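A.B. asks: sequence and predicted model, in that order:
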Amino acid sequence: MGSNMAECHPVGFQWVMEAKLRGARVIHVDPRFTRTSAVADTFVALRAGSDIAFLGAIVNYILSNGREFREYVTAYTNASAIIDERFQDTEDLDGLFSGWDADKQAYSQESWQYAGMTVAASAGHREGAPQGEAHGYGAKLTSGEPPQADPTLQDPRCVFQILKRHYARYTPELVEELCGVPKEQFLDVAEALCANSGRERTGAICYAVGWTQHTVGVQYIRTAAIIQLLLGNMGRPGGGILALRGHASIQGSTDIPTLYNILPGYLPMPHAAVHQTLADYIEANTAPAGFWGHADAYFISLLKAWWGDAATADNDYGYDRLPFITGDHSAYRTILDMLDGKVAGYFVLGENPAVGSANGGLHRRAMAKLDWLVVRDLVEIETATFWKEGPEIDTGELRPADIGTEVFFLPAAAHTEKDGSFTQTQRMLQWHHKAVEPQGDCRSELWFYWHLGRIIREKLAASTAERDRAVLDLTWDYPLVGETQGPSGPLSGMGDPDAAAVLREINGVGPDGRALPGYTALKADGSTASGCWIYSGCYADEVNQTARRKPGQEQNRYALEWGWAWPSNRRVLYNRASADPSGKPWSERKRLVWWDEQAGKWIGDDVPDFVVDKRPDYVPPEGAKAEQALRGDEPFIMQTDGKGWLYAPSGLLDGPLPTHYEPQESLFTNPLYAQQSNPARQTFRRRFNRYNDQDPAGTYPFVMTTYRLTEHHTAGGMSRFLSHLSELQPEMFCEVSPALAAQRRLVNGGWATITSARTAIEARVLVTDRVKPLRVQGRELHQVGLPYHWGWKGLARGDAANDLFALALDPNVHIQEVKAATCDIRPGRRPR
Amino acid sequence: MTTTAPTTTSPTRMGFFTDTSICIGCKACEVACKEWNNVPEDGLNFLGTSYDNTGGLSADTWRHVAFIEQKVAAPSTGPELDPQAPAQAGDSGVRWLMSSDVCKHCTHAACLDVCPTGALFRTEFDTVVVQQDVCNGCGYCVPACPFGVIDKREADGRVWKCTLCYDRLKSDLEPACAKACPTQSIQFGPLDELRERAANRVGVLREAGVADAHLYGADETDGVGGFGAFFLLLDKPEVYGLPPDPVVTTRDLPQMWKAAAGAAAALFGTVAAACLRRR
């Protein structure tokens, strides 16, 4: 669901096809019948934006039919935990949870907690509500003291019962009315999932941006997590939830983040309001139990990796040299600030926001307000040329003469032209070697940023200002390899930093200067350094473990010697859950790791994701800390309570349980609650970002959704400029059903104009039975499919689908809602 | 029969088995083929025929993925209790067939028969290849192909088609399309092995209820003596734009020549008799 894996991840999809050949049943749930649907055993068409209702109904199906894996649920999830008596559900408050502050448009989460305590979110604390408000961090789960719990799962305030009540109205009938999915078809899918789970069987759920790009995006995935925990599909072979990434190493770009609110290894970025000192930061982010109990070691090792000898206990390891956040500084917030003239400069690398981000027109207008813009890409993409070409230039709304933005276009090297690693969805790092030298002035990102840093450091060399120590004290001493050609031969000192040396720095070194074996060796006393704690071990034994390529047929099916997966080369996270509380596999068929009493340790086909010699019957002694404060039968070792969270008492800004809300733009009223849309979503009511929320079905009577095609790559920078890919999908098109085509007199192969509250674009028309009208709340619903690859540059050109969409964001991760919005469609080309 | 019984120099005939039942339509084969063989762009045309904007095989397209959208029976409804039971294709009311077409490398190849220069030849792998430095662009082979595969590149006058990556085969590499195929829809190997594997696969599919699964071009007794590149199809060949009963176009040439010779002899006799009579 929420993924078109065959089209967007064809290489990974080979394993789905292999599973299918071995008898797995493949079910595809999506607004459109895609190439994935074509090879699936079952296809279910549903209304874009209605997935939580569908998934919530599966939760209800499991609970009301007693289909949960009861022993797993009781032992390994927080089903039995008792929740604070002040907690009120959306069922009680007509679509709101307790704690809603209408003035701040945000939740206070105090009433969501386990009774009598506050639980820390696993990856530290979020930066706060959209307004930048920070959370209070009260009492914490203390070691050896489990939360109040009812192992019989009968207490009305226990998570299990709350879950039951929360989803009681998510029935097959509701699915039919809300999602447009026939009841029988829904029951078929729900039963298939249940029948394929338990001791002997497991099922996996794959998703991609079809789930995340909604104003309730994070909660979509949470619903899947609830299903997988109830069915016992987490930490077991063939189970799990696979997040299919947008392109190569998107996983890597959150592990070693390009995001504003986290540091490497999911350590939170310090917040100016609550993390004034290193001690504040460590106090706030070090959990009393679980492996986040060593956040201090991870964090101080990071500071040591960055500032080396200049990071000492006396100066708090350079803590105050870090940037601090004060609220939401996400990409879209920054664009809006840019539009308001508050942003001077902008680096764009490997992205094409002029056509690739929601509301492209707003992006182009915003970039026109910059002083300078650096674009590094393989080709001269739209983001580098928005000032002279594009819709606003065509209409005269922007004139090149009026745009003061100085644009620096710098050609980039492709992955074949540089060494480095990719991290894929299984958290596996795979090294790639430079095959050819980059042409002309093309250079790697590593080259660009290292030399930029070098030049800045040279310019600041004489500075005595304390603020410049952050840059001057950086460890910036990678060996250089290769050379850069100047007009008369190689330029001295202009080689590429050795990517393997960077990986080794990320892995970390101990006091002896040798590569560390893994993150458990990290210390909080400044004696170790590591650029990203979860990656520690990728260079163990001074070997680039990510470059290992032992063929799969020469090792067990987990292929532990192919690449390297974080953490500690574990291929299945939380795999302690593949064994029962006593340490025996739930079944022989699905065994993965188990307790070997004789050897006194966990063994198996994968690297155990557990303290290897911690007995299944281990009970933490008084005063135990971190992982030692978790019992031997608590597999979710990153959580403070060692449990899989059916209910999230902390960590999410829009509720502890996923709830169906309508998209920002919807043709339907929420049949479940008076609260129409996610109350905590981020909206920006301003010029160039209008919403269609006054007259939902009148002017824009159809639902539109965006997606990708196999033939192109995201916003087109890597595909629209190549003839061999462009000829396969040469023009922007839209997909409509024959019924909608008849209603709007659209002709296959002809032109259509698609309009939204933002703008109008044109596209060629593809009339296809693969898009079909759905029956929702007694009305016929038409959906318009829009691939988003195009722009005005390259060989294959066309209007950008993203121009049609508004900025309306999920509050947790600030992702845009481009998978469901409203539009109209008319025959013919757009006005010029 | 024709005169083109293969003169095999290698004991093993190599070929393709394209299993369309597991094709995901990614077109990696088309792109890999063009990359490896340096095949030029074939036109930037939106065709409005499902996801196919290539149209068919040509001098500039040596692998072509066909996309066929079919309306099928209404969605099945009853809950499926056995997760292992294969669902019926028809759950959604739509079936989307995808198939990667390629030169068939016929056992009896008419293109080879009619080539006057010897540019077309049969390789040691029993494949049919154009030698571009010999081809004079006469174009006789173009109408001779029963599948419409071989084609003249207008800009350079010569004919071009799949070589089954002859250069890669000589270096013990599999053809680019098979290498790039993520789902092993395109399989390369000794033809005997491929035929056996394909027959098994048809058996599995039929057992699973896919009654129409069948092999196309695996039969040595067909009109071209079997293909070196054969297919597993899920519908009739004509649905995919393939001839249902291809026949080597040079099959009747001997008889035609015999008839023509007879007619010539008769004509000669008549003329001779007339001349004699006049004398």
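C.D. replies: Perfect, I can see it now.
A.B. asks: tell me the pLDDT of the residue of the stretch 351-500 of chain A found nearest chain B.
C.D. replies: Relative to chain B, the nearest point of the stretch 351-500 of chain A is A:Thr416 (12.4 Å; CB to the nearest CB). All C-beta spots, glycine's among them, are computed from the backbone N, C-alpha and C. What the model reports for A:Thr416 is a pLDDT of 95.
A.B. asks: does it sit in a helix, a strand or a coil?
C.D. replies: helix (DSSP: H, G, I helix; E, B strand; the rest coil).
A.B. asks: can I assume it is in contact with A:His433?
C.D. replies: No. In this structure, A:Thr416 is not within contact of A:His433 by CB atoms under 8 Å, at 9.0 Å.
A.B. asks: can you pull the contacts of residue 199?
C.D. replies: Here I'm looking at chain A. Contact analysis of A:Arg199 by CB atoms under 8 Å, 6 or more residues apart in numbering or on different chains lists A:69, A:232, A:586-587, A:590.
A.B. asks: that's the wrong chain, I wanted chain B
C.D. replies: Here B:Ala199 is in contact with B:215, B:218 (CB under 8 Å, 6+ apart).
A.B. asks: how near is it to B:Asp19?
C.D. replies: For B:Ala199, the distance to B:Asp19 (CB to CB, to the nearest Å) stands at 12 Å.
A.B. asks: with A:Gln598 instead?
C.D. replies: Per CB to CB, A:Gln598 is found 48 Å from B:Asp19.
A.B. asks: the more surrounded of the two?
C.D. replies: B:Asp19 (25 against 5; other CB atoms under 10 Å in any protein chain shown).
A.B. asks: could you count how many residues lie near the closest residue to that one other than its chain neighbours?
C.D. replies: Leaving aside its chain neighbours, B:Asp19 sits nearest to B:Leu232 (4.6 Å; criterion: CB to CB, 6 or more residues apart in numbering or on different chains). Using other CB under 10 Å, B:Leu232 has 25 neighbouring residues.
A.B. asks: okay, now the unreliable bits of the chain?
C.D. replies: You didn't pick a chain, so chain A it is. A:118-146, A:696-697 (pLDDT under 70).
A.B. asks: that's the wrong chain, I wanted chain B
C.D. replies: B:1-11, B:74-92, B:278-279.
A.B. asks: contacting residues for the closest residue to chain A within it?
C.D. replies: With CB to the nearest CB, the shortest gap between chain B and chain A falls at B:Gly48, namely 3.2 Å. Going by CB under 8 Å, 6+ apart, B:Gly48 touches A:748-749, A:764-766.
A.B. asks: just A:Ser536 next, same as before
C.D. replies: By CB under 8 Å, 6+ apart, the contact list for A:Ser536 reads A:506-508, A:516, A:518-519, A:521-522, A:530, A:567.
A.B. asks: could you dump the residues you listed into JSON lines and include distance to chain B and neighbour count?
C.D. replies: Formatted as JSON lines, those follow (distance: CB to the nearest CB, whole Å; neighbours: other CB atoms under 10 Å in any protein chain shown):
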{"residue": "A:Ile506", "distance to chain B": "30", "neighbour count": "24"}
{"residue": "A:Asn507", "distance to chain B": "31", "neighbour count": "28"}
{"residue": "A:Gly508", "distance to chain B": "36", "neighbour count": "30"}
{"residue": "A:Leu516", "distance to chain B": "36", "neighbour count": "23"}
{"residue": "A:Gly518", "distance to chain B": "33", "neighbour count": "21"}
{"residue": "A:Tyr519", "distance to chain B": "34", "neighbour count": "25"}
{"residue": "A:Ala521", "distance to chain B": "39", "neighbour count": "17"}
{"residue": "A:Leu522", "distance to chain B": "39", "neighbour count": "24"}
{"residue": "A:Ser530", "distance to chain B": "36", "neighbour count": "30"}
{"residue": "A:Pro567", "distance to chain B": "29", "neighbour count": "22"}
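A.B. asks: need those residues in a markdown table (columns: secondary structure and distance to B:Gly157).
C.D. replies: Below are the contacts of A:Ser536 laid out as a markdown table (DSSP: H, G, I helix; E, B strand; the rest coil; distance: CB to CB, whole Å):
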| residue | secondary structure | distance to B:Gly157 |
| --- | --- | --- |
| A:Ile506 | helix | 57 |
| A:Asn507 | helix | 59 |
| A:Gly508 | coil | 63 |
| A:Leu516 | coil | 65 |
| A:Gly518 | coil | 64 |
| A:Tyr519 | helix | 65 |
| A:Ala521 | helix | 69 |
| A:Leu522 | coil | 69 |
| A:Ser530 | coil | 64 |
| A:Pro567 | coil | 62 |
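A.B. asks: can you give me the strands for the stretch 401-550 of chain A?
C.D. replies: Using DSSP state E, counting those that start in this stretch, the strands of the stretch 401-550 of chain A run over A:406-411, A:420-423, A:428-432, A:480-481, A:484-486, A:489-491, A:496-497.
A.B. asks: cool, and the stretch 251-400 of chain A?
C.D. replies: Going by DSSP E, counting those that start in this stretch, the stretch 251-400 of chain A shows strands at A:262-263, A:267-268, A:345-349, A:372-377.
A.B. asks: coming back round to it: which pair in the contacts of A:Ser536 spans the largest distance?
C.D. replies: Maximum pairwise distance in these, criterion CB to CB, is 14.3 Å, between A:Ile506 and A:Ala521.
A.B. asks: just give me the neighbour total for A:Trp100.
C.D. replies: 18.
A.B. asks: for it, give me its contacts.
C.D. replies: A:93, A:106-107, A:679.
A.B. asks: 7 Å - rerun?
C.D. replies: By CB atoms under 7 Å, 6 or more residues apart in numbering or on different chains, the residues touching A:Trp100 are A:107, A:679.
A.B. asks: now A:Ala310
C.D. replies: Contacts of A:Ala310 were listed using CB under 7 Å, 6+ apart, and they are A:318, A:473.
A.B. asks: give me the distance between it and chain B.
C.D. replies: Per CB to the nearest CB, to the nearest Å, A:Ala310 is found 49 Å from chain B.
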